[in-house]
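Visitor: Structure for this input, please:
(2 chains)
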Amino acid sequence: MTGPAPAATPVNAPANAPTTGQPEAPLVELQDLKTYYPIRAGILRRVVGHVRAVDGVSFEIRRGEVFGLVGESGCGKTTLGRTLVRLEKATEGQVRLDGRDVLSFQGKDLKKMRRRMQVIFQDPVGSLNPRMPISDIIGEGLLAQADAQNGWADRKVRDKRVSDYLEVVGLRRDYTRRYPHEFSGGQRQRIGIARALALSPDFVFADEPVSALDVSIQSQILNLLVDLREQFDLTFLFVAHNLSVVQYISDRVGVMYLGKLVELADVGEMYAHPRHPYTIALLSAIPDPDPRVKSRRLVLTGDVPSPANPPSGCRFHTRCWLRRQLNNPENCETEDPPLRELATGHRVACHWAESVVDTAVAEVVPTVDTEVPTDLPAPEDVGAPVVTEIETPAATDVVAAADDEAAPASGGSSGNPTNDPTTGRV
Amino acid sequence: MTDALAARERRAGVGEVLLDVRDLRTHFHVMDGTVKAVDGVSFSLRRGGRLALVGESGCGKSVTALSIMRLIETPPGEFAGGEIIFDGRDLLKLGGRDLREIRGGEIAMIFQEPMTSLNPVMTVGDQIAEAVLLHQGVKRKAADEVALQSLVDVGVPDPKRRLKQYPFELSGGMRQRIMIAMALSCNPKLIIADEPTTALDVTIQRQILELIKTIQERTGTALLLITHDLGVVAETVDDVAVMYAGRVVETGTVDDVLLNPRMPYTRGLLESIPSQAKKGQRLSAIKGVVPNPFRMPPGCKFEPRCPYAWEAGATEEPPLIELGPDRTARCWLYDRRYQDHLAQYDAHITNDSGGTTS
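Guide: Numbers count the residues shown, from 1 in each chain, chains lettered A, B, ... in the order given. Reported below is the predicted structural model:
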């Protein structure tokens, strides 16, 4: 399932590394990216704090891949994408496109960059100007990017290109004079895609492109995106909250929680061997249309805390089931776990990721890559999943503590007495 | 399978028919003509039963729910036919007082958008108590106690403080809990939940689904769930009715319908859900779009999009054909006259999907 993992690109690649000729060089690189929004209060509208929408995220998007970014609303995934393409102002950090710093671009360079990085928006209604015909909606970008070489300043050239791209996305060439209200939701999303592609970008930020669509239309658009990626050699940042959609379309997946990237891996690895307790909870929460799947669900308690005032240490610790099982180790509350490499290409930001084993994950995540068993050999009433006794990075007194409060849990996983966190890996 | 068995036993244990919707027709007269949003919908729900109405946007599932609650404004709406028998009475014939008693008292509704369906200028406690005062004829103090208890029942932490809060102070998941608490406060016989988790994040959705299930089991209230999400259907209810273009097109138990869909539309829906197994393959999409309500196809409403359609469906609309006990499908394939088409269809899907059908 995982496939041959390509050599992991080092996170700390030297800045401004020359990229030409190096096939592994990522197309887009983020380094400690932060986007904060000021909170103002009082008569003087003084800044009293910040909403840390994106708070120090680093990863790279390889040329030609679809990088899926998932997380719940408010986790910063959309803000991250918008910052990346300069639709939001970054507070700190770097974004590199082909090794060049996107955030410092101005004037001509910025315009060139805009042509290379395009966006498909979520809302197929709100993102198309209702007073413009399709020829102008798609042509507007072309006109803005017109130069002597492409000749897009000429209306005829432009209209031809608009028609070409309408055809590319599966609409009729002669739709150019129509207005957005004449189209259905799926067709409007196709127009949004045509608008992004007409500029021949290298990189497309797709912001929840199918979440406003019904399932039968959603699959049409997903098929279209897969085709277009092949046809135009595109690299995607695909942001969505629907984990099944992300799994279907992505090559690698990143999971965000409260402005931080908490886990990153190849898609097969992520869905089969998730290691961050939040990822596991997310996967466990997806309702499965197969009624034969009756796994115990991991129900997270509480709500997502406010990004204006995130919890100390690990931001997930207030809702973390793993922490409770480990009897609340101290470092969860005090130390922010770094995103570290657990296996090749699999990065996790959890102090205790090693204590998660696949057998336990399989109990709560129905989609782990085995066939659906018709009769689940469910262990009798296991309280909560996971946790083997294992040497841990920091504290040493955790192991013994693990079996008091969460006693039924350790009972459940005792069927697999292993110390090796990688057991069960393919 | 033990779960299916348990579900069957439960269903056998649950009582008589509580809600019987027969040939309901809810039409809207608008400037451009008449939209037949619901056009001949029939289904029934037993006491304590759990049924989902599932379909894509515009199929009429929400209008059906609103019709049961008699929340359709007339005009432009019109109940053009049918009856809604609830607990022996036809809701379409009731008026004023009787209706208000049933609404919120015997039938409670949980809406999709917990922000807009709560009153923003009333505290949570007042809103719940209002319903109790209205329906149960108790004193204010007793109503407050009921309100507090219902918050405890839906697992709201720190319920005393929450009673005094306003909806804007609460998160989406918490608001939905309040909605559920309000629905429960009058011990209804039926809860209608219209897309109760669609506006919520997946981990919060999980909390709310578990809550609805637990409460439904504990109180024995019947549940009518309206949703577009087949995953939610599979996990929450026992029976399902699939809707398309204002009609019920397939009914049966969850296991039967989701594992062995008989109507090509249901099959198409299930196959178009992306999943691990389909990675690297093209998703099988249903071609085309839902028909325009002003220009409905003359025969089967799904015929223009149906990969298996032949002349029969183009000219005449099929009835809901009985396939077994509590199992129906609106498709000519199951008419005796077209057995050879059914044989072809069966062969086709067995080849196609590697034998997921029995």
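Visitor: quick one: contacts for residue 63?
Guide: No chain was given, so I picked chain A. Taking CB atoms under 8 Å, 6 or more residues apart in numbering or on different chains as the criterion, A:R63 is in contact with A:23, A:25-27, A:235. (C-beta placed from N, C-alpha, C; glycine too.)
Visitor: That was the other one, I meant chain B.
Guide: Contact analysis of B:V63 by CB under 8 Å, 6+ apart lists B:26, B:37-38, B:72.
Visitor: let's see 6 Å
Guide: When contacts are counted by CB atoms under 6 Å, 6 or more residues apart in numbering or on different chains, B:V63 is found next to B:26, B:37-38.
Visitor: give me the element it is part of.
Guide: Assigned by DSSP states H and E, B:V63 belongs to helix B:61-68.
Visitor: ok, back up a step: pick the one among the contacts of B:V63 closest to chain A.
Guide: B:A37 (16.3 Å; CB to the nearest CB).
Visitor: For the chain, give me the ranges with low pLDDT.
Guide: Let's take chain A. Applying pLDDT under 70 to chain A picks out residues A:1-23, A:294-295, A:366-426.
Visitor: wrong one, I was asking about chain B
Guide: B:1-15, B:114, B:351-358.
Visitor: Pull up the residues of it that are close to chain A.
Guide: By CB under 6 Å from any CB of the partner chain, the residues of chain B that approach chain A are B:3, B:56-57, B:171, B:173, B:201-203, B:206-207, B:210, B:230-232, B:234-235, B:254-255, B:258, B:272-276, B:279, B:282-283, B:285-286, B:289.
Visitor: Identify the residues contacting A:G151.
Guide: Counting by CB under 6 Å, 6+ apart, A:G151 touches A:V157.
Visitor: Can you tell me the SS state at it?
Guide: Secondary structure for A:G151, judged by DSSP: H, G, I helix; E, B strand; the rest coil, is coil.
Visitor: Distance of it relative to A:Q118?
Guide: Distance of A:G151 to A:Q118, given as CB to CB, to the nearest Å: 20 Å.
Visitor: about what we covered before: mind checking which of the residues of chain B next to chain A are buried?
Guide: B:56, B:171, B:173, B:201-203, B:206-207, B:230-232, B:234-235, B:254-255, B:258, B:272-276, B:283, B:285-286, B:289 (16 or more other CB atoms under 10 Å in any protein chain shown).
Visitor: Which of the residues you listed fall in helices?
Guide: Assignment to helices by DSSP state H places the following of these there: B:173, B:202-203, B:206-207, B:230-232, B:234-235, B:254-255, B:258.
Visitor: Which residue does the stretch 51-200 of chain B have closest to chain A?
Guide: Closest point on the stretch 51-200 of chain B to chain A, by CB to the nearest CB, is B:E56, at 4.0 Å.
Visitor: any idea how far the closest residue to that residue other than its chain neighbours is from A:P180?
Guide: Using CB to CB, 6 or more residues apart in numbering or on different chains and skipping the chain neighbours, the partner closest in space to B:E56 is A:D214 (4.0 Å). As judged by CB to CB, A:D214 and A:P180 stand 18 Å apart.
Visitor: more crowded one of the two?
Guide: Between A:D214 and A:P180, counted using other CB atoms under 10 Å in any protein chain shown, A:D214 has the larger neighbour count: 23 against 20.
Visitor: start to end distance for stretch B:320-340?
Guide: One end of stretch B:320-340 sits 19 Å from the other (CA to CA, to the nearest Å).
Visitor: swap that for stretch B:303-312, please
Guide: First-to-last distance for stretch B:303-312 - CA to CA - comes to 9 Å.
Visitor: Can you mark which positions in that stretch are buried?
Guide: Buried-residue list, stretch B:303-312, by 16+ other CB under 10 Å: B:303-306, B:308-309, B:312.
Visitor: try stretch A:128-136
Guide: A:128, A:133-136.
Visitor: between those, which is nearest A:V48?
Guide: A:V48 lies nearest to A:L128 out of those, by CB to CB, at 37.5 Å.
Visitor: if you skip the residues just before and after it, what's nearest to the closest one?
Guide: Leaving aside its chain neighbours, A:L128 sits nearest to A:P180 (4.1 Å; criterion: CB to CB, 6+ apart).
Visitor: So which residue is dead centre in the chain?
Guide: With no chain named, the answer covers chain A. Chain A has A:L69 as the residue nearest its centroid, 0.4 Å off, counting by CA atoms, centre = their mean.
Visitor: hm, I was asking about chain B
Guide: B:I226 (2.5 Å).
Visitor: Spit out the contact partners of it.
Guide: B:53, B:61, B:65, B:194-195.
Visitor: mind checking how far the residue lying closest to A:Y179 once chain neighbours are set aside is from chain B?
Guide: Spatial nearest neighbour of A:Y179, chain neighbours left out: A:P133 (5.8 Å); criterion: CB to CB, 6+ apart. With distances taken as CB to the nearest CB, to the nearest Å, A:P133 is found 21 Å from chain B.
Visitor: and what of A:G186?
Guide: A:G186 sits 7 Å away from chain B, taking CB to the nearest CB as the criterion.
Visitor: For the contacts of A:R63, work out which two are farthest apart.
Guide: A:P23 and A:T235 (13.5 Å).
Visitor: Looking only at neighbour counts, state which of the two leads.
Guide: Ranked by neighbour count (other CB under 10 Å), A:P23 and A:T235 place A:T235 first, with 21 against 8.
Visitor: Bridged to the more buried one, which residues?
Guide: Taking DSSP bridges, one obtains A:F203 as the residues bridged to A:T235.
Visitor: if you skip the residues just before and after it, what's nearest to A:G139?
Guide: Nearest-residue entry for A:G139: A:R158, 4.7 Å, with adjacent residues in sequence omitted and distances by CB to CB, 6+ apart.
Visitor: Can you name the residues that contact the one you found?
Guide: Listed by CB under 6 Å, 6+ apart, the contact partners of A:R158 are A:139, A:142, A:152.
Visitor: now B:G55
Guide: B:61, B:243-244.
Visitor: Is it possible to get a markdown table of the residues you listed that adds neighbour count and distance to B:Y166?
Guide: Shown next, in a markdown table, are the contacts of B:G55 (neighbours: other CB atoms under 10 Å in any protein chain shown; distance: CB to CB, whole Å):
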| residue | neighbour count | distance to B:Y166 |
| --- | --- | --- |
| B:K61 | 29 | 31 |
| B:M243 | 25 | 36 |
| B:Y244 | 25 | 40 |
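Visitor: between these, which is closest to B:R218?
Guide: B:K61 (26.3 Å).
Visitor: Help me confirm that B:V41 is found in a strand?
Guide: Yes: looking at B:V41 with three-state DSSP, it is inside a strand.
Visitor: that older thread, whichever of the contacts of A:R158 end up buried, select them in ChimeraX.
Guide: Filtering those down to the buried ones (16+ other CB under 10 Å) takes a single ChimeraX command:
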select /A:139,142,152
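Visitor: And A:N328, how far from A:W352?
Guide: From A:N328 across to A:W352, the span is 11 Å (CB to CB).
Visitor: dump the residue contacts of the closest residue to chain A within the stretch 101-250 of chain B.
Guide: Closest to chain A within the stretch 101-250 of chain B is B:G231: 3.0 Å, counting by CB to the nearest CB. Going by CB under 6 Å, 6+ apart, B:G231 touches A:287-289.
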